[in-house]
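[1] show me the folded form of this:
(one chain, ligands or ions: 3)
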Amino acid sequence: MIVGILKEIKTEENRVCMTPAGAEVMIHNGHTVLVEKDAGAGSGFADAAYAGAGARIVDTPKEIFDAADMVMHVKEPLPPEYDLIREGQIVFTYLHLAADETQTRALIKSRSVSIAYETIQKADGSLPLLTPMSEVAGRMAIQQGAKYLEMAQGGHGVLLGGVPGVDPGTVVVIGGGVVGVNAAKMACGLGAKVYLLDMNLDRLRYLSDVMPANCFTLMSSPATIRKLVKEADVVVGAVLIPGAKAPRLVTRDMLGTMKKGSVLVDVAIDQGGCFETSRATTHGSPTYVVDGVVHYCVANMPGAVAKTSTLALTNATLPYAVEIANKGWKRAMQENAEIKPGANVIDGKVTYRAVAEAFGMAYTPVETLIAD
Ligand SMILES: NC(=O)C1=CN([C@@H]2O[C@H](COP(=O)(O)OP(=O)(O)OC[C@H]3O[C@@H](n4cnc5c(N)ncnc54)[C@H](O)[C@@H]3O)[C@@H](O)[C@H]2O)C=CC1
Ligand SMILES: CC(=O)C(=O)O
Ligand SMILES: [Mg+2]
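    Ligands and ions are numbered 1, 2, ... in the order given. This is a model prediction of the structure:
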């Protein structure tokens, strides 16, 4: 198979979807790897390192889309790329379609085989290609929250850890999955008072066992969220219903009850966001203010710490990419039950139920497309 490694074009996105070490493994499996010029530069990988691993460097994304059987990215395809995607071409990357109807329609039109990192799923329900970036984004959420609490950044001037004789800040984390637990750990480490909310009681039992004493676990409900946001200095949105649009948990009305200069960090913005007033922002212009509350809603947070993130992401994606390249997408989905739910849009059909439901489109079970 010819595998194409595209350079990211999203604002301030410095990650790359495959390292030179990954390219070497792909090539040892008998594949040809094309790498767009400077694709790895933001993550510290020079073209020469890819060439040394046996990859071919090409000048333009068009050359990659024209030649590759499978194109890989980190972030979703953007409008300048839509018309370059070819029928039958495998597109393997984060897609987050339930929050993006334009992209969904573009992928339908392309008749490509679009496989989303974020819906590849293990039998225990975990999302192995989302987890590493959720670890990064969860940890970053507290760095960002702490920064935007500073007065020069629009915050109300609270130090999350407090100091002897002065109360620490209060952090409310909604969603106790990978993002949530990583955010809560960082906030606890700084010495903040941390509330960690989830809807899953077994998960709350586990969290209450493993988290430090300054982390309080609570069952998530509108009433609990309404009460806690009034006290919060930082609220982190970290919920997920896999593949679906995020539920709106902090409403416009609740926002009005929050402290001026408090900070919302909506990590779930890539699935549409879990605060009613959230809209996606970029690293170039990461925040805006509504009702005096600073909103940070960057949809590709890990892109800002690309050296860590690229390594963490490619550790997770490479085995799946190699399996898809070795077997082709159909056999990979027939033989690996984790890859099958990655199918989002295939040959013009929406094959992920939550995406179809988000836009009232017809749903085609992927099983009907991979049967021999
Ligand atoms: N903005 C960015 O750069 C990044 C965003 N993300 C996003 O962060 C979000 C969270 O991801 P993960 O932590 O990996 O997911 P996860 O599946 O590990 O955790 C989600 C948690 O939310 C809980 N939940 C669902 N509904 C809830 C509700 N109403 N109240 C409280 N909890 C609720 C679930 O029980 C689960 O424990 C996803 O949308 C993911 O795509 C992840 C990485 C980077
Ligand atoms: C998960 C995701 O969207 C990201 O890492 O950018
Ligand atoms: Mg998008």
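[2] angles on the backbone of the single nearest residue of the stretch 51-200 of the chain relative to ligand 3, please.
    Closest approach between the stretch 51-200 of the chain and ligand 3, counting by CB to the ion: residue 100, at 4.1 Å. C-betas here are computed from N, CA, C, even on glycine. Dihedral pair for residue 100: phi -150, psi 80, per degrees, to the nearest 10.
[3] that one: neighbouring residues, count only.
    22 (other CB atoms under 10 Å).
[4] strands of the stretch 151-300 of the chain, start to end?
    With DSSP state E, counting those that start in this stretch as the criterion, the stretch 151-300 of the chain has strands at 170-174, 193-198, 215-219, 234-237, 263-266, 287-290, 293-296.
[5] from the chain's centre, how far out does stretch 278-294 sit?
    With CA atoms, centre = their mean, to the nearest Å as the basis, stretch 278-294 stands 18 Å off its chain's centre.
[6] so does that stretch get close to ligand 1?
    No: shown here: stretch 278-294 not in contact with ligand 1 (CB under 6 Å from any ligand atom), separated by at least 8.8 Å.
[7] please apply the same query to stretch 13-21.
    No: shown here: stretch 13-21 not in contact with ligand 1 (CB under 6 Å from any ligand atom), separated by at least 10.2 Å.
[8] quick one: low-confidence residue ranges for the stretch 201-350 of the chain.
    For the stretch 201-350 of the chain, no stretch has pLDDT under 70.
[9] can you give me the helices for it?
    Assigned helices in the stretch 201-350 of the chain, in chain order: 201-210, 222-231, 252-255, 306-335 (criterion: DSSP state H, counting those that start in this stretch).
[10] contacts for the first one, please.
    With contact meaning CB atoms under 8 Å, 6 or more residues apart in numbering, helix 201-210 is reached by 176-177, 181, 184, 196, 198, 215, 217-219.
[11] in it, which residues are buried?
    203-204, 207 (16 or more other CB atoms under 10 Å).
[12] report the distance from that helix to the chain centre.
    On CA atoms, centre = their mean, the centre of helix 201-210 falls 24 Å from the chain's centre.
[13] ok, residue 338 touching residue 120?
    Yes: judged on CB atoms under 8 Å, residue 338 makes contact with residue 120 at a distance of 5.6 Å.
[14] please enumerate the shared neighbours of those two.
    Counting by CB under 8 Å, 6+ apart, the contacts common to residue 338 and residue 120 are 128, 320.
[15] the two: which is more packed in?
    Between residue 338 and residue 120, residue 120 has the larger neighbour count (other CB under 10 Å), namely 23 against 18.
[16] ok, now how distant is the nearest residue to that one once chain neighbours are set aside from ligand 3?
    Distances taken as CB to CB, 6 or more residues apart in numbering place residue 342 nearest to residue 120, at 4.2 Å, with adjacent residues excluded. Residue 342 sits 17 Å away from ligand 3, going by CB to the ion, to the nearest Å.
[17] do residue 340 as well
    Distance of residue 340 to ligand 3, given as CB to the ion: 23 Å.
[18] how many neighbours does that residue have?
    Using other CB under 10 Å, residue 340 has 20 neighbouring residues.
[19] one more: the one 10 residues further on?
    Neighbouring residues of residue 350 were enumerated by other CB under 10 Å; the total is 24.
[20] and the closest residue to it other than its chain neighbours, what does it touch?
    Of all residues beyond its chain neighbours, the one nearest residue 350 is residue 356 (4.3 Å), with distances taken as CB to CB, 6+ apart. Applying CB under 8 Å, 6+ apart to residue 356 gives the contacts 350, 362-363.
[21] quick one: mean pLDDT for the particular helix or strand that has residue 356 in it?
    Using DSSP states H and E, residue 356 falls within helix 353-359. What helix 353-359 shows for mean pLDDT is 97.
[22] what about that helix, near ligand 3?
    No: using CB under 5 Å from the ion, we find that helix 353-359 stays clear of ligand 3, coming within 12.4 Å at best.
[23] now the stretch 251-372 of the chain against ligand 3: closest residue?
    Closest point on the stretch 251-372 of the chain to ligand 3, by CB to the ion, is residue 299, at 6.4 Å.
[24] surely that residue is in contact with residue 268?
    No: applying CB under 8 Å as the test, residue 299 and residue 268 come out as separate, 9.7 Å apart.
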